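Novice: Quick one: sequence and predicted model below, then my questions.
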Amino acid sequence: MKKLSLLFAIIIGSVLIAGITFFLTQPKSHGPQAIEGVMDLRHHSFHDNTPIKLDGEWEFIPNHLVDGEAFDSYQSYLVNVPSAWTKYTIDGQQIPVFESGTYRLKVLIDDTEDILGIKTSNIRMSNALYINGKRVGHSGEPAEDSSYIPHNTPYTAYFSPDKKELELIVHVANFDYAPGGGIISSIFLGDQSSIAKLREGAIFYDLITLAGFLTMFIYFFGSYLYSKFGIEQLYFSIFCFASGVYTLTHGEKLLLDFINISYAPFQKMQMISSIAVGLFILLYFYRALIKHMNRLVVKVFCAIGTLLMLVALLPTSFNSLFQNINSLYVFANIVYIFYVQIIAIYKRATGVMYLTLSSLAILLYFIVATLNTNINLELSALPPLLPFICLTMLSLYISHRFADSYLEKGKLTEALIRVDKLKDEFLAKTSHEFQTPLHGIIGISQSMLKDNSLPISADEQKEKVSLIFNIAERLSYLVNDLLDFSKLKENELTLRMASVDLYAITHMTVEVLSYTISKNVKIYNHIERGTFVQADENRLRQILYNLIHNAVKYTNEGKIDITCYEKQSFLVIEVKDTGCGIAPENLKTIFNPFQQFNYSIGGSGLGLHITKELVERQGGKIFVDSIVGQGATFSFKLRKGQPTNEELPSMPIQTYQHPFLTFPHIVEKIGKKKILIVDDDAVNLKVLIDILTQENYSIIAIDNGHHVFEYLTQQPSIDLLILDIMMPTISGYEICQQVRQHYTSTELPILMLTAAVRPEDMIAAFQSGANDFLHKPLDATELMTRVRNLLLLKESAETAVKMETAFLQAQIKPHFIYNVLNSILSLSYLDLDKSRAMITDFATFLRNSFAFENANSLVPLEKELSLIEAYVNIHRTRYPEQLEFNICMDEPIQCLIPPLLLQPLVENALLHGLKVRKEVSELLLVIRQEEHMVIFQLIDNGIGISSELLRQIQNGEKTASQGIGILNISKRLKKFDNATIHFDSHENKGTTVEIRFPIITL
């Protein structure tokens, strides 16, 4: 890389030195020079078509604009022209930047009757030209103060000399442009033709350059809009546009020939266009050579360019201070681009030589333009070919990229054609490989079904063999679709056209399909007997199967009608369903291969495409009409057939014992774990049921995900939920998320099934709340292992809750027993009756506390109230005047509740909420019935609960102060439908606990 950088430095240095040396060593003009304000042209002929530069010593009066008659009355100074007046030193002082002044030159000529011309180039920032006291031209309107009108536009003027001496007076003013004013470029004098030729040459050069840039802008900008072939096209078109604007606003300033615009916006256009040229050529090369450019460097250049553009919007007196910085910015951009191109050449980047030549042309153009501005080289010294070399090279590079892209696309197309051919071969070979074992399965299972020698006890085995037959036949249809697809593409499908019985074929197709329908869908065959069509019998059966099967697939419940009617020489057969329908935007593409609009239903997406091809190959047409939500109608027409008197070979219509299920399918085994299975595919459900029933589980199988909560409510003892992910109308993810809003992962484990194998599907399943995930096809051993693990998880969680309840029943603190016994002992000396009553209450409390029952069992409400009264009586006896406790129940309520539902709450209120109060504590238990719910309200006037602790309790979080009592109650209430517990508390005002529990009668 160091060698490369050195090479780059050598090349750039050589170019700069060669360019500067070339222009600086050009021989100076040997034309006449003005001396002490006079130029002698008396022996010069103006007919050689060579204009004279009026360079040399001019007389100059600073700070005054005077005419020829008054000129000699002012102090004048000799100055060199062309030059900015900031370089003048008068009386030891430099002339200010913002100034006005008068230039004078006397030109001595011979007598001539020819018309002479004069041409200006660059006089900042306004001027007026007088010859022999007559005003012949101006740009702007000069004045001695800032009231002047600025403009700096080259112009020509023609006149007929009436004297041998021409007095040229030039008024110049500048109060805006920071680099200073004055006659910056030479003024030319010559005959009319030479001056006109000079002017026309400059205009022609600008027009040609402008045409080149604008043509490239239109071409590449239009190409970008049409093809969006890379953002670099847009950058290059903007570069061309900015270059065009730069050309319009510099040189002879063509823009002012088309529109009249004041100096301030015109000057901003000049600056912004020059900055934009550097910025967008950089962005273009960044996109073209993105692998070789430093992103940070490009960002810095872009930021600087944007900042300079913003500065250009400021007033001229300020933004013109940045003129040299703007030039340096553009120069730095071009040098960096050139450096990157050297690197790209070194790394053998494609087409980079075009870019390098274009950059070299831009660099030379920039150098010459800069020298022209700063050391007064004329624009004609710049070879006009440089901009066109740049544009040509860049255009060739972009064309090269287009060609490469075209060739690459051609190669990709050829590769895709080869892959497509290989795919067709693969499908054909794979389909044939599938067919052999399928035919074996179908043949063996069919022969077993027809074997009447099977004993009656073999009905279950016969049912399973029938299931195998139907599964194999379903797979056989898919294999046939794949084979037909390949044959249709290769035009190898052979049709045997004949007059066939439409009713018989339709009846047979419906009969076969009826065995695979597990939904509440009925098929009605309205075709009359004796209806014939001209078709290939097997292909007609395939068409009907595909259309009816498609209707069944997209109809969850309802009916399918098969009808036909005559239309001229055709029969139109219609298959109409009441399913979900097809969206209008999908109707045009529904017959395309591999087209599916509901991926959750499955299928290969070939059936309808093959159906369309088969119909059209038999001289017919197929149509579809649909309204979303109301169903779809597929109709196809075939030519009518003639009834035949020949005895047609009998087509056996096989009838099978229906191997599938009606829903809900319930397998009840008393005392066994209960599993709810949800899948829309009856075959999958049958497989799951067979596997799980072998392990003696109780099963509830449903085919509609919307019914999950209905069965969870009806069967609260469900231990496991098995969900298929891909189901119509509602996915397993949605069901899982809804279940998790009511059940935790330990209260109801969920096992999700899917045929997808992507990691994203597993992540989505776990994020929606699943406990485990299993891929299809299912392995029986793996399924049973996962089911057992999830059931053990739930059982462990339930055991933990039971142990918590048992712990609550047994948690009699030693100091409580000690205090009660001491109280009994003391009362035995003071009040024997109270001592006996306290012993009775204590015995009742101990008996109920040690009555270990199952956490899921229920106890009568009276038993819970008896336990509460015993505990409160003990408390009252120990603290006689501290507690007022009442139970408010309008009428007796006979119901069952979970054990220890209320007593821990009463104990908690006495020990924490009321114990620290000095005044009388009040505790009220209100029990009332509302419709099918019993409501318990425990109200105290204790110290209340802090807001943070209340939030933790409401959210079911374990706290340091609450122990396991309240948390255990919350867990157990979740097992009952609509059961809730709610806390309302205010510090130092008391607490209210409300429990709502469904009424369960004795």
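Specialist: Yes, it's here.
Novice: I'd like to know the average pLDDT value across stretch 979-995.
Specialist: Here stretch 979-995 scores 88 as its mean pLDDT.
Novice: pretty sure C888 is touching I935, no?
Specialist: No: C888 is beyond contact range of I935, at 11.6 Å (criterion: Cβ atoms under 8 Å). Every C-beta, even on glycine, is put in place using the N, C-alpha and C of the backbone.
Novice: Please identify every residue contacting each of these two.
Specialist: Here C888 and I935 have 926-927 as joint contacts, going by Cβ atoms under 8 Å, 6 or more residues apart in numbering.
Novice: Please name the nearest non-neighbouring residue to C736.
Specialist: Counting by Cβ to Cβ, 6 or more residues apart in numbering, C736 lies nearest to S768, which is 4.3 Å off, once chain neighbours are set aside.
Novice: domain parsing for the chain?
Specialist: Partitioning the chain according to automatic domain parsing yields domains covering residues 38-186, 202-383, 499-639, 665-807, 836-998.
Novice: just to revisit the earlier point, tell me the contacts of the residue nearest to C736?
Specialist: Applying Cβ under 8 Å, 6+ apart, we find S768 in contact with 732-734, 736-737, 740.
Novice: from those residues, which single one is nearest I52?
Specialist: Of all the contacts of S768, I52 sits closest to Y733, with 90.5 Å by Cβ to Cβ.
Novice: give the contact list for the closest one.
Specialist: The contact partners of Y733, taken as Cβ under 8 Å, 6+ apart, are 725, 764-765, 768.
Novice: what's the answer for A173, then?
Specialist: Counting by Cβ under 8 Å, 6+ apart, A173 has contacts 65, 99-101, 125-127, 140, 142-144, 148, 150, 181.
Novice: okay if I get those as CSV plus neighbour count and secondary structure?
Specialist: Converted to CSV, the contacts of A173 look like this (neighbours: other Cβ atoms under 10 Å; DSSP: H, G, I helix; E, B strand; the rest coil):
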residue, neighbour count, secondary structure
L65, 18, coil
E99, 19, strand
S100, 23, strand
G101, 27, strand
M125, 26, coil
S126, 26, strand
N127, 28, strand
G140, 21, coil
P142, 25, coil
A143, 15, coil
E144, 15, coil
Y148, 21, coil
P150, 24, coil
G181, 29, coil
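Novice: Could you dump those residues into a markdown table and include pLDDT and distance to Y711?
Specialist: As requested, the contacts of A173 are exported to a markdown table (pLDDT from 0 to 100; distance: Cβ to Cβ, whole Å):
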| residue | pLDDT | distance to Y711 |
| --- | --- | --- |
| L65 | 95 | 104 |
| E99 | 93 | 98 |
| S100 | 95 | 100 |
| G101 | 96 | 103 |
| M125 | 92 | 91 |
| S126 | 95 | 94 |
| N127 | 96 | 98 |
| G140 | 93 | 93 |
| P142 | 96 | 98 |
| A143 | 95 | 97 |
| E144 | 93 | 101 |
| Y148 | 95 | 94 |
| P150 | 94 | 89 |
| G181 | 94 | 95 |
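Novice: I'd assumed Q937 was in a helix, is it?
Specialist: No: counting by DSSP: H, G, I helix; E, B strand; the rest coil, Q937 is not part of a helix but strand.
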